[in-house]
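Student: Make a model of this:
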Amino acid sequence: MEYIARVDFELQPLLNKSEYRILVLLELIARELNAGLRVMAQTSMGEILRPKPGSASDFDRDLAYRSVNSKRLDFVVIDRFGQALLAVEYQGHGHYQGRAFMRDAVKREALRKAKVDFLEIAAEYDTDDLAEALRQRLRKQLGGCSTSPK
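Tutor: Okay, here's the model as predicted:
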């Protein structure tokens, strides 16, 4: 609290303009599928994943959890039960800087192990093609039916 008291804060956007356009598209498709899907933005991976009990030592599970909990996903589409169906990452023009490759590798592997579909969107994309890819992936996650939960 001491440090918070010393500093003034200001609002900043949760999403940039490009990310916002993807959010709007994801929300549109989620509604269109009429299956109770919701779209979450800037979600900590630790909120949707946890190490499986007994899968490793307590020490290893703790470190693995810390590794994913420190990562955020641009978007997560959840079903009506709150389970992640699709994680979406927008790889904008400034994405490939620093240790982005390792952050992305951690995300990919943890999501793969949890069996969560993962879609990476390139900085340059065709909106119609992306919309169709999102529809297909979500229908697949819903079991091919666009009106019933997984």
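Student: Any idea what the closest residue to Ile48 other than its chain neighbours is bridged to?
Tutor: Leaving aside its chain neighbours, Ile48 sits nearest to Ala84 (4.5 Å; criterion: CB to CB, 6 or more residues apart in numbering). All C-beta spots, glycine's among them, are computed from the backbone N, C-alpha and C. Beta-bridge pairing for Ala84 (DSSP bridges): Ile78.
Student: so what's Ala84 up against?
Tutor: By CB atoms under 8 Å, 6 or more residues apart in numbering, Ala84 lies in contact with Ile48, Leu49, Val76, Val77, Ile78, Ala114, Val116.
Student: Next secondary structure element downstream of the one helix or strand Ala41 maps to?
Tutor: Assigned by DSSP states H and E, Ala41 belongs to strand 38-44. Tracing the chain past strand 38-44, the next element assigned as helix or strand by DSSP H and E is helix 58-69.
Student: Now tell me what touches that following helix from outside.
Tutor: Ser44, Met45, Gly46, Leu49, Arg50, Pro51, Pro53, Ser55, Ala56, Val106, Lys107, Ala110.
Student: Ranking by neighbours, what's the top pick from these?
Tutor: Met45 (24 neighbours; other CB atoms under 10 Å).
Student: Pull out the buried positions in the strand holding Ala41.
Tutor: For strand 38-44, a neighbour-count test (16 or more other CB atoms under 10 Å) marks Val39, Met40, Ala41, Thr43 as buried.
Student: now the contacts of Ala84 as JSON lines including pLDDT?
Tutor: Formatted as JSON lines, the contacts of Ala84 follow (pLDDT from 0 to 100):
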{"residue": "Ile48", "pLDDT": "97"}
{"residue": "Leu49", "pLDDT": "97"}
{"residue": "Val76", "pLDDT": "98"}
{"residue": "Val77", "pLDDT": "98"}
{"residue": "Ile78", "pLDDT": "98"}
{"residue": "Ala114", "pLDDT": "96"}
{"residue": "Val116", "pLDDT": "97"}
